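Trainee: Next one to model:
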Amino acid sequence: MKSSFLLILASESPRRKALLKELGLRLKIVPADVQEIPRWHEDPISFAKRMAEEKAEIVSSFYPDQWVLGADTVVVLGKKILGKPKDSQEAKRFLRLLSGKTHRVITGFCLQHRATNRSFCRSVSTRVSFKSLSTEEIAWYVRTYEPLDKAGAYAIQGKGAFCVKKIQGSYTNVVGLPVTEVLEVLEKYTGFELGHP
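Mentor: From the prediction side, this is the model:
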C-alpha cells in the first residue's frame, strides 16, 4: 500500500530507493552534490553524519515544506575510510585490505524539515567479517564491475555476498540504509505510519 506521505531522498542510490519503496513510501529523488572529503582528524562517524546532514540541508533549501532524507555510508577498516574505488586496481587493493578481516560499515542519516526547523541526525554501525579472499576470487569479482561504484568495493546484496563470513548488526545498513532506525525516526517525528495510506 502506497502512503500519501512524500519523502524527498537526497540520494541517487538505487539501493536506498529500493529499501524505502519496500516500506510503501512515496519518494521524490533529488540527489545532492557534495564533496565527500573527510576533514583533518574527522572520525568516520562524524564524517558520515556530516555528509548526510549536508546532503539533507542542500535539498531542504529547495523543498522547505517537505521532509528530506540525506544519507552517507562509509566502509572503515581500523581508522581508514574506504570510499568508492576510482578504478579496478583500487578495487582490488580495497578487497585485499578487507580480506580475512573485520571492518565497520557506518551510515549517517539525517531527516530535515526546514520550514519547521527540525533536524534529526543519527548513525548506525555494523561489523562485517570477510573470509580470506584468493587472488583469483578478487580478480573475478572486480571483472564483474560490481565493486566499482560501491563503498569499500563490494555489495553485500549482490555478488559480493560471497566475501562476507559474518555480520553483527543491521544488514540493511551494509546495503546502504539502516531501515529500522530510519523508520523509528520517521514514525516518531514526521507523522508517517507504516501501512497507513
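Trainee: What about this structure, which residue is the most distant from its middle?
Mentor: Glu136 (28.3 Å; C-alpha atoms, centre = their mean).
Trainee: Just read off the phi/psi values of that one.
Mentor: Backbone torsions for Glu136, taken as degrees, to the nearest 10, come to phi -70, psi -40.
Trainee: and it, what pLDDT?
Mentor: As predicted, Glu136 sits at a pLDDT of 98.
Trainee: and if you look at Val34?
Mentor: Value for Val34, per-residue pLDDT: 88.
Trainee: With Lys150 instead?
Mentor: Lys150 is given a pLDDT of 91.
Trainee: what do you get for Pro197?
Mentor: For Pro197, pLDDT reads 62.
Trainee: repeat for Ala91
Mentor: pLDDT, read off for Ala91, is 98.
Trainee: Secondary structure element holding it?
Mentor: In the assignment (DSSP states H and E), Ala91 maps to helix 88-98.
Trainee: quick one: buried residues of that helix?
Mentor: 90-92, 94-95, 97-98 (16 or more other C-beta atoms under 10 Å). Where you see a C-beta, it was placed from the backbone N, CA and C, and this is true even at glycine.
Trainee: What of stretch 170-182?
Mentor: 170-179, 181-182.
Trainee: Secondary structure and pLDDT added to those residues, as a markdown table?
Mentor: Listed next are those as a markdown table, based on DSSP: H, G, I helix; E, B strand; the rest coil; pLDDT from 0 to 100:
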| residue | secondary structure | pLDDT |
| --- | --- | --- |
| Ser170 | coil | 97 |
| Tyr171 | helix | 97 |
| Thr172 | helix | 97 |
| Asn173 | helix | 97 |
| Val174 | helix | 97 |
| Val175 | helix | 95 |
| Gly176 | coil | 93 |
| Leu177 | coil | 97 |
| Pro178 | coil | 97 |
| Val179 | helix | 96 |
| Glu181 | helix | 96 |
| Val182 | helix | 95 |
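Trainee: which other residues reach the lengthiest helix in the chain?
Mentor: In the chain, with assignment by DSSP state H, the single longest helix is helix 44-60. When contacts are defined by C-beta atoms under 8 Å, 6 or more residues apart in numbering, helix 44-60 is touched by residues 8, 10-11, 30, 32-34, 36, 38-39, 42, 68-74, 76, 79, 81, 104, 106-114, 119, 121-123, 125.
Trainee: centre of the chain versus it, how much separation?
Mentor: 11 Å (C-alpha atoms, centre = their mean, to the nearest Å).
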